[in-house]
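[1] need a 3D model of the following:
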Amino acid sequence: MTPTAPLQPLLDTAVIVLEAPTQVWSDDAGGMGSAPIHGIYHGDVRQIRAVEIAVDGTDLESIGCSSPSPQRVLFTDVLRGLDDETPDPKVRLDRDRRVSAGSFSERIRVSRHLRAATPIGITVQLTPDFAPMQLVKAGMPTDAAWTWDGRTCRADDASFALVAPGATVTSDGERLTLRWELDLAARDAETVEWTLELADTSLVVTAPAHPATAQLPEVADPRVAHWLARASADLSALRLATPEHPDDAFYAAGAPWFFTLFGRDSIWAARLALAADPAIAASTLRVLGRLQGTTHDVSTAEAPGKIPHELRSSGLTIPGEGVHLPPLYYGTVDATPLWVCLLADAHDAGMPDDELRGLLPTLRGAVDWMVEHGDASGSGFIDYADESGHGLANQGWKDSGDSVQWRDGRLAEGPIALSEVQAYAYEAAVRGAALLDRLGESGAEELRTWAADLRARFREAFWVTTEEGRYPAIALDAHGAAVDTLTSNIGHLLGTGILDPDEERVCVELLAGDSMSSGYGIRTMSTGADGYWPLSYHGGSVWTHDTAIAVHGMLRSGLSDEARVLARQLLDAAEGFDYRVPELHAGDARIPGGRPVPYPAACRPQAWSAAAAVVCAQALT
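    Numbers count the residues shown, from 1 in each chain. Below is the predicted model of the structure:
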């Protein structure tokens, strides 16, 4: 066979336990090492690639796996090689695996219901790895050098300390071996435990100083309640802070690849979850405000007033794509207006005026960026282009290289002005002006004038007519031509004020039609487009947060019946995924008695997918 190129690991069948910034991936029997994603991670480093357990004289046969919380998973095996000849299994092994921020533990219990005593030997082998997350994601081989001093394993900034009471611990330079010798009496049980304390001195994110404060709404529907509970637990496990400001929490974007601060993702997650946790909206605003751009820098895409895209402890390279991002990267066109929208939402939800005033400099900088710097090409609209040659080619939420297409499948030529970004900017300008008025500050009328002009020009430039109907294009290309594919982007326009009520209803009807609605949410691209494919990352799949944003907009526009229909579709999808909705799923049409088809490389849990449960609960209540 011809060797295949490195492939991104699949995630859909793996089991995860997590509490940011630590996560552990295994198979459903608890083993690690048989799949590329497996391992114990802390921050952006996989510290251990494989964990193998063996019991002398028997195979381990898995019979159970359950996860009572994001931080805990239980595995059960039977040990029939040590059993008698009767049908009932009488020797079992239970593992209780737990994760907290910077800590891993596994308690192993062997129990017997046999009359004779017997010695039992248990071996656990660990394979240290210390692989950068970006290499794991790319499916690239890893071979980092590490040292072992009898207690601590170390490679550069990352390390773990191992404690295994009662075990003999040895190293052969490739693996660490833990060995317990047990003497089980008749009908007895013995428990052993091993723990890891994981550290990385290079981390730029850490666990928050305080626990989550979310208050779930009361709902009558047990399915909605189940989804809310699972989503709330996942959101709590995804909370992070910066070491300098541990009191200000934000949601990490998602596991496994995005265990850090992402401007757009953290804002949308906080916005969708606002009704349950207004405090994290305020702290997210402060975290991002401290990183707001102050200068022009092509290499980082920084500009004065711009809110960043992502923060990492080191640069990120995406092998084979020519993408090399600095540790603090500003290549996002929508995080800045969305920051203003979240600020307005937080104030409406009760943020005191003194906190609002404390964020006034960031607000000023954000609206100045929209008005003065957002139109980099002179198109008259907020747009983007990667000027560095090594940044992201697309800088909206659909940031894959093929996400902005014409109906015939051609890629749009940049600079690109996305439709939803104009809507975010319009809303940010109008509501930002109201905040300036609230604080007795100048500039509100100029901002309203700018917004009104943007709205009028949007109506003239973005609307297209194709055989699917009349609707706003996904974007304008480098020549000012409206890229005519029908996409889910129109759902982001709802509730922003950039459309009038009749125009909103046109968009809602298209989103509810067969070409856009899968029955489990809105497809990212219409089935009528040449580029449509149900397993395309941004060209036909369904993203939960994307549909939830449309629900959010419908509720704000008073389209509660329409919002309820979409929210119920997402609830049905959530049930199909055991209420932990992944980053995205396939855009296949729903069939009676079926369930949604996974996108096999989708992250989970994902913050904005989990936060969708809150806004859907609002729609269904």
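[2] make it CA atoms for all contacts and neighbour counts henceforth
    OK.
[3] what does stretch 509-523 rub up against?
    Residues outside stretch 509-523 that contact it (CA atoms under 8 Å, 6 or more residues apart in numbering) are 487-488, 491, 524-528, 539-544, 546-547, 566, 569-570, 572-573, 587-590, 596.
[4] can you tell me which of these are in helices?
    With helices defined by DSSP state H, the entries of these inside them are Thr544, Asp546, Thr547, Leu566, Gln569, Leu570, Asp572, Ala573.
[5] nearest to Gly322 among the residues you listed?
    Ranking these by separation from Gly322, with CA to CA as the measure, puts Asp546 on top at 27.6 Å.
[6] that closest one touches Ser488, doesn't it?
    Yes. The pair Asp546 / Ser488 is scored as a contact, 7.3 Å apart, by CA atoms under 8 Å.
[7] and for these two, which residues touch both?
    Residues within reach of Asp546 and of Ser488 at once, by CA under 8 Å, 6+ apart, are Ile522, Thr524.
[8] more neighbours: which of those two?
    The residue with the greater number of neighbours, taking Asp546 and Ser488 and applying other CA atoms under 10 Å, is Ser488; the counts read 29 against 23.
[9] please name the nearest non-neighbouring residue to the more buried one.
    Counting by CA to CA, 6 or more residues apart in numbering, Ser488 lies nearest to Thr524, which is 4.8 Å off, once chain neighbours are set aside.
[10] run a quick neighbour tally on the one you found.
    Other residues lying near Thr524 total 28 when counted by other CA under 10 Å.
[11] what score does it have for pLDDT?
    Reading off the per-residue confidence, Thr524 sits at a pLDDT of 98.
[12] could you measure from it over to Trp533?
    10 Å (CA to CA, to the nearest Å).
[13] can you check which residues contact both of those two?
    When contacts are counted by CA under 8 Å, 6+ apart, Thr524 and Trp533 have Gly539, Gly540, Ser541 as shared neighbours.
[14] filter these to the buried ones?
    Among the shared contacts of Thr524 and Trp533, those scoring as buried are Gly539, Gly540, Ser541 (criterion: 16 or more other CA atoms under 10 Å).
[15] show me what contacts the second one?
    If you count contacts by CA under 8 Å, 6+ apart, Gly540 has them with Arg523, Thr524, Met525, Ser526, Thr527, Tyr532, Trp533, Pro534, Ala586, Gly587.
[16] the second one: what's it in contact with?
    Under the criterion of CA under 8 Å, 6+ apart, the contact partners of Thr524 comprise Thr487, Ser488, Asn489, Met516, His538, Gly539, Gly540, Ser541, Val542, Trp543, Asp546.
[17] kindly recompute the last result at 10 Å.
    Contact criterion CA atoms under 10 Å, 6 or more residues apart in numbering gives 398, 403, 486-489, 516-517, 532-534, 536-543, 546-547, 587 as the residues in contact with Thr524.
[18] got it, and the third one?
    The neighbourhood of Met525, defined by CA under 10 Å, 6+ apart, consists of 403-405, 407, 474, 485-489, 515-517, 531-534, 536, 538-542, 587.
[19] which ones are touching the residue nearest to Ala548 when sequence neighbours are not counted?
    For Ala548, the nearest residue in space outside its immediate sequence neighbours is Ala612; the separation is 5.5 Å by CA to CA, 6+ apart. Listed by CA under 10 Å, 6+ apart, the contact partners of Ala612 are 227-228, 231, 268-269, 271-273, 544-549, 551-552, 567, 570-571, 581.
[20] quick one: buried residues of stretch 422-441?
    With burial defined by 16+ other CA under 10 Å, the residues of stretch 422-441 counted as buried are 422-436.
[21] over to stretch 559-571?
    Along stretch 559-571, the positions that meet the burial threshold by neighbour count (16+ other CA under 10 Å) are Leu559, Ser560, Glu562, Ala563, Arg564, Val565, Leu566, Ala567, Arg568, Gln569, Leu570, Leu571.
[22] so how far is Glu193 from the third one?
    The reference is to Glu562. Counting by CA to CA, the gap between Glu562 and Glu193 amounts to 53 Å.
[23] same check on the last one?
    When distance is defined by CA to CA, Leu571 is 39 Å away from Glu193.
[24] next one: the first one
    With the distance defined as CA to CA, Leu559 ends up 55 Å from Glu193.
[25] what does Thr294 give?
    50 Å.
[26] ditto for Leu535
    Spatial separation of Leu535 from Glu193 under the definition CA to CA is 42 Å.
[27] if I look at Val597, how far off is Ile16?
    Distance of Val597 to Ile16, given as CA to CA: 19 Å.
[28] now Ala117
    Distance check for Ala117 against Ile16: by CA to CA, it reads 36 Å.
[29] more crowded one of those two?
    Taking neighbours as other CA under 10 Å, Ala117 and Ile16 compare with Ile16 leading, 25 against 13.
[30] for that one, give me its contacts.
    Ile16 sits next to 23-28, 30, 38-40, 67, 70-73, 255-256, 604-605 when contact means CA under 10 Å, 6+ apart.
[31] any idea of the pLDDT on Thr2?
    Predicted confidence (pLDDT) at Thr2: the value is 55.
[32] what's the domain layout of this protein?
    Using automatic domain parsing, the domains assigned to the chain come out as 15-200, 222-371+485-620.
[33] which element is Glu575 on?
    Glu575 is located in helix 560-576, with elements delineated by DSSP states H and E.
[34] need the CA coordinates for the next helix or strand after that helix. CSV is fine.
    Next in sequence after helix 560-576, counting helices and strands by DSSP H and E, comes helix 607-620. Listed in CSV are the C-alpha atoms of helix 607-620, where the atom choice follows Å, rounded to 0.1, in the frame of the first residue of the first chain:
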residue,chain,number,x,y,z
ALA,A,607,-17.8,25.9,24.7
TRP,A,608,-20.1,27.6,22.3
SER,A,609,-21.8,24.3,21.5
ALA,A,610,-22.4,23.8,25.3
ALA,A,611,-23.6,27.4,25.7
ALA,A,612,-26.2,26.8,23.0
ALA,A,613,-28.2,24.8,25.6
VAL,A,614,-28.9,28.0,27.5
VAL,A,615,-30.3,30.0,24.6
CYS,A,616,-32.3,26.9,23.4
ALA,A,617,-33.8,26.5,26.8
GLN,A,618,-34.9,30.1,26.6
ALA,A,619,-36.6,29.4,23.2
LEU,A,620,-38.3,26.2,24.5
